[in-house]
Structures are given as C-alpha cells and as structure tokens.
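Participant: Next come a sequence and a model predicted from it.
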Amino acid sequence: MIELAILSLKCIRCGKTFDFNVGKITFGNKLSFENEIFCQKCGLVEIEDLELTELGQTQVAELFFEKTK
Ligand SMILES: [Zn+2]
C-alpha cells in the first residue's frame, strides 16, 4: 500500500490534465485509489473517466517498483 500519491491524470470527459492526490493506491488487475477524484471542470469523476498521462504512468511504475523492491 502506498500513501498519498500525487499522480498526473487526464479526465477523458473534458480532456483536461491535472495533478491529483489520489491517496492510497491499490494495485490489482486495475488500479484503484483511496480518494475520490475531482476534475476541476467536471467535478467528481469515476475512475473509468480518468486515464493516466504518460507522466502518470511513469509515476505509477516508480511507485510500484518502490513497493516491490
Ligand atoms: Zn473533466
């Protein structure tokens, strides 16, 4: 379990990218986040409405390796 990760995310609904503190990340078949995510434009968004930016994917990969090291 990883605490307080700030990730670079993209909202698929409006195409806006932003950094968000997602809280704890659970690595499973699919990533899940502790915190609810708010897009600055759309408000509360579901995880299905989000994708990781390239930077976000790098951040997640680093966190994952950190955790499994
Ligand atoms: Zn949005």
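Facilitator: Okay, I see it.
Participant: In contact with Lys41, which residues?
Facilitator: If a contact means C-beta atoms under 8 Å, 6 or more residues apart in numbering, then Lys41 has Cys11, Arg13, Cys14, Lys16 as its contacts. Where you see a C-beta, it was placed from the backbone N, CA and C, and this is true even at glycine.
Participant: ok, now with 10 Å
Facilitator: The neighbours of Lys41, taking C-beta atoms under 10 Å, 6 or more residues apart in numbering as the test, are Cys11, Arg13, Cys14, Gly15, Lys16, Phe18.
Participant: Nearest residue to the middle of the chain?
Facilitator: The centre of the chain sits closest to Leu7, judged by C-alpha atoms, centre = their mean, with a distance of 5.0 Å.
Participant: that's a strand at that one, yeah?
Facilitator: Yes: judged by DSSP: H, G, I helix; E, B strand; the rest coil, Leu7 forms part of a strand.
Participant: Quick check, it in contact with Phe20.
Facilitator: Yes: using C-beta atoms under 10 Å as the test, Leu7 is close enough to Phe20 to be in contact (6.4 Å).
Participant: Return every residue with contacts to both of the two.
Facilitator: When C-beta under 10 Å, 6+ apart defines a contact, the residues bordering Leu7 and Phe20 alike are Phe33, Ile37, Leu50, Gly56.
Participant: In strands, which of the residues you listed appear?
Facilitator: If you go by DSSP state E, these have Phe33, Ile37, Leu50 in strands.
Participant: what would these look like in CSV with distance to the ion, pLDDT and neighbour count?
Facilitator: What follows is these, written out as CSV (distance: C-beta to the ion, whole Å; pLDDT from 0 to 100; neighbours: other C-beta atoms under 10 Å):
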residue, distance to the ion, pLDDT, neighbour count
Phe33, 16, 93, 18
Ile37, 10, 96, 21
Leu50, 9, 96, 21
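Participant: can you pull the contacts of Ser32?
Facilitator: If a contact means C-beta under 10 Å, 6+ apart, then Ser32 has Val22, Lys24, Ile25, Thr26, Ile47 as its contacts.
Participant: and which of those is nearest to the ion?
Facilitator: Sorting the contacts of Ser32 by how near they are to the ion, with C-beta to the ion, puts Ile47 at the top with 13.1 Å.
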